[in-house]
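Enquirer: Structure, please.
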Amino acid sequence: MSAPVVPEPDVLCVRDIAWPVLAALLTSHALELQRVDDDAPIPGSFWGDPEAGVIGSTVYARNDTPVHSLLHEACHLIVLPPERRALVHTDASDSDIEEDATCYLQIVLADGLPGVGSGRLMEDMDAWGYSFRLGSTRAWFEQDAEDARAWLAGRGLLED
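Expert: Got it, this is the predicted structure:
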């Protein structure tokens, strides 16, 4: 007897956003977006397909990669200084504050993507299983993310 197939949550995927828009966002942060064929494994994916992958300053994604995953992995690279970024392969950080800053920044950057926005991204993060101690991404972002916001601002990655 096989295990039941659990459908993945309905979240925005890379196929739902114009590729040039995604590439331009990453380019503005000195990153490259590399398209992966739909049937190919995603290089540098920590969680496995369809999650985005990272190697150096490149983010890898397929059409079925969730937008929140692409933004999350890109933000992992954005928060790193260039010398650390160059060494990344698959696992970008083991720091709690960098993880929090990454989550915060991905929500902020979502507002710059047509058809996404921070509200939709937070809903997708909740649907995918991100967990925050206040119970939802929005509650964390609005009420419990002062340290992430301050960390980003202190590094010039966010307006204070």
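Enquirer: can you give me the helices in this structure?
Expert: Residue ranges of the helices in the chain, as given by DSSP state H, are 19-27, 67-78, 82-85, 96-110, 117-128, 137-143, 146-154.
Enquirer: can you give me the mean pLDDT across the fourth one?
Expert: Per-residue confidence for helix 96-110 averages out to 96 on the pLDDT scale.
Enquirer: so what does that helix touch, helix or strand wise?
Expert: Packed against helix 96-110, as judged by 3 or more CB pairs under 8 Å, 6 or more residues apart in numbering; DSSP states H and E, are the following elements: helix 67-78, helix 117-128, helix 137-143, helix 146-154. Placement of C-beta: from N, CA and C, glycine included.
Enquirer: Setting aside sequence neighbours, what's the nearest residue to Trp19?
Expert: Here the nearest residue to Trp19 in space, its sequence neighbours aside, is Arg35; by CB to CB, 6 or more residues apart in numbering that works out to 6.9 Å.
Enquirer: Now do the contacts for that neighbour.
Expert: 19, 61-62 (CB atoms under 8 Å, 6 or more residues apart in numbering).
Enquirer: lowest-pLDDT helix or strand in this protein?
Expert: Across the helices and strands of the chain, mean confidence by mean pLDDT, DSSP states H and E is lowest for helix 82-85: a mean of 90.
Enquirer: Name the nearest residue to the most centrally placed residue in the chain, sequence neighbours excluded.
Expert: Closest to where the C-alpha atoms of the chain average out (CA atoms, centre = their mean) is His72, at 1.3 Å. Among residues not flanking His72 along the chain, Gln106 sits closest, at 5.1 Å (CB to CB, 6+ apart).
Enquirer: Perfect, I'm done here.
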